[in-house]
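Visitor: I would like to see how this sequence folds:
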Amino acid sequence: MQTSHRTSRPTPRTLLRAGVVLLLGLGLGLAGASSSQAGAKPSITKEPFGSVGGKAVDRYTLTNGKFRVRILTYGGIIQTVETPDRHGKLANVTLGFKNLDGYVTSKNPAYFGALIGRYGNRIAKGKFTLDGTTYQLAINNDPNSLHGGNVGFDKRVWSATPVTGGGAVGLRLTYVSPNGEENYPGTLRTTVTYTITGDRGIRIDYHATTDKATVVNLTNHAYWNLGGEGTGTIDDHKLQLKASRYTPVDATLIPTGKLDPVAGTPMDFRKPTAIGARNRSAFQQIVYGRGYDHNWVLDRRGSGLAVAARVSDPASGRTLTIRTTEPGIQFYGGNFLDGTLYGTGGNSYRQGDGLALETQHFPDSPNHANFPTTVLRPGQVLRSTTIYQFGTD
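Guide: Numbers count the residues shown, from 1 in each chain. Below is the predicted model:
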């Protein structure tokens, strides 16, 4: 299990920088890769997408063959991902809104497609102690703090720079969070680079530094429906998680500190299992989350990229394989979608209409010494990589 993703600046890393190297021929066995896409010329275009608080927001469209991804500078949001089914038919497979107003006016309560920071997931009672100082964060998920507080990274306008080279195309987003923002210590400089690969992959590289000891847990909160956004539930999707343990939670969805085995429980996704098969179980953990909303401890060796999850939709044939350098992954089954939000296709999102798979360090890690550390100190560099690989069966 990975114990840390914090390294000092002088230490070299073998993790490849996004936007510079195309992730092909690395022997990773990417599921569903299509050699017919390898010769397609990648491109990136920019268009205005409104403004927030007087700051202009842009939308970038990244294409590579029969694959197209749209990313907003507001929240670093992945707005759409269009990928073909087994018959070559394109569909958008991620949940979101069709215009900026949808994200801003609703405040994007589901965090559709957004970059999450400074701290993804929950911190118990919004409180942690670091180097003898106790910090109180906003309580925005009573009684806890969630996804960085009231105005997290998902609601900030990021600076953007297109990245090309090595046959790939990407978008580098940068945000500087000042000391004390949302009451987190230290000025945090964060860069997130999205790169699309020639085999229908989205690579996300995270990079962060600080001038004062702080806690950081960065992730992306995209929701997936491989049948197509707004087409119904993901109950028939089959999910496989490379995890033999998970972090059980209390009634407020805060980890107890234990690392429990999944064997013999509805939390066991070591073999591909239909999501709807057990998400209404009387198992106490399922009751607490109104379905799945838990962190799984990935079975991994070393700190490199490793398979974390695979999702498949039997109807369309689309697949999604997730690789990451992170030690955990949060599977959330869209349990709190209630029909009040209308997506890019004009349909309302209801319970179970999409699933999020957030690669991450564990929830509430600052309050659990036995969890992999999320502390970042001056002179250290946070580096993390996740790849969403789309294909077909």
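
Visitor: Report the contact partners of the nearest residue to Glu47 once chain neighbours are set aside.
Guide: Using Cβ to Cβ, 6 or more residues apart in numbering and skipping the chain neighbours, the partner closest in space to Glu47 is Arg59 (5.4 Å). Every residue, glycine included, has its C-beta placed from N, CA and C. By Cβ atoms under 8 Å, 6 or more residues apart in numbering, the contact set of Arg59 is Lys46, Glu47, Pro48, Phe49, Arg70, Ile71, Leu72, Thr73, Gln79.

Visitor: The helix or strand harbouring the fifth one pairs with which strands?
Guide: For Arg70, the host element (DSSP states H and E) is strand 68-72. Sheet partners assigned to strand 68-72 using DSSP bridges are listed as strand 55-63 (antiparallel), strand 78-84 (antiparallel).

Visitor: what about it, distance to the chain center?
Guide: 15 Å (Cα atoms, centre = their mean, to the nearest Å).

Visitor: ditto for stretch 70-81
Guide: On Cα atoms, centre = their mean, the centre of stretch 70-81 falls 12 Å from that of its chain.

Visitor: Check stretch 135-155 too.
Guide: The answer for stretch 135-155 is 17 Å, by Cα atoms, centre = their mean.

Visitor: again, but for stretch 157-166
Guide: How far stretch 157-166 lies from its chain's middle: 19 Å, per Cα atoms, centre = their mean.

Visitor: ok, and what's touching that stretch?
Guide: 18-22, 42, 44, 46, 52-53, 55-58, 60, 73-76, 115, 169-175, 192-193, 195.

Visitor: which among those residues end up buried?
Guide: 18-19, 21-22, 42, 44, 52, 57-58, 60, 73-76, 115, 169-173, 175, 192-193, 195 (16 or more other Cβ atoms under 10 Å).

Visitor: List the ones among those residues that fall in strands.
Guide: 44, 52, 57-58, 60, 115, 169-173, 175, 192-193, 195 (DSSP state E).

Visitor: Show me which of those is closest to Thr247.
Guide: Leu115 (22.7 Å; Cβ to Cβ).

Visitor: ok, the closest residue to that closest one other than its chain neighbours - contacts?
Guide: Nearest residue to Leu115, sequence neighbours excluded (Cβ to Cβ, 6+ apart): Gly76, at 3.5 Å. The contact partners of Gly76, by Cβ under 8 Å, 6+ apart, come to Ala114, Leu115, Phe153, Asp154, Trp158, Leu173, Tyr175, Val192, Asn220.

Visitor: any idea which of those residues is closest to Glu358?
Guide: Of the contacts of Gly76, the one sitting nearest to Glu358 (Cβ to Cβ) turns out to be Asn220, at 7.0 Å.

Visitor: partner residues bridging Phe331?
Guide: His294, Leu357.

Visitor: if I look at it, how far off is Gly228?
Guide: Per Cβ to Cβ, to the nearest Å, Phe331 is found 21 Å from Gly228.

Visitor: neighbour-wise, which of those two wins?
Guide: Taking neighbours as other Cβ atoms under 10 Å, Phe331 and Gly228 compare with Phe331 leading, 24 against 19.

Visitor: Wait, that one touches Gln360, no?
Guide: No: in this structure, Phe331 is not within contact of Gln360 by Cβ atoms under 8 Å, at 11.0 Å.

Visitor: For Val287, give me the backbone phi and psi.
Guide: Here is the backbone geometry of Val287 (degrees, to the nearest 10): phi -60, psi -50.

Visitor: for Ala160, same thing?
Guide: Here is the backbone geometry of Ala160 (degrees, to the nearest 10): phi -130, psi 140.

Visitor: which residues sit in contact with Val375?
Guide: Arg6, Leu130, Ala213, Thr214, Val215, Pro366.

Visitor: Generate a PyMOL selection restricted to the buried entries among those.
Guide: In PyMOL, a selection of the buried entries from the contacts of Val375 looks like this (16+ other Cβ under 10 Å):
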select buried, resi 6+130+214+215+366
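
Visitor: And the residue nearest to Thr231 when sequence neighbours are not counted, how close does it get to His207?
Guide: Closest residue to Thr231 apart from its sequence neighbours, by Cβ to Cβ, 6+ apart: Asn225 at 6.4 Å. Counting by Cβ to Cβ, the gap from Asn225 to His207 is 30 Å.
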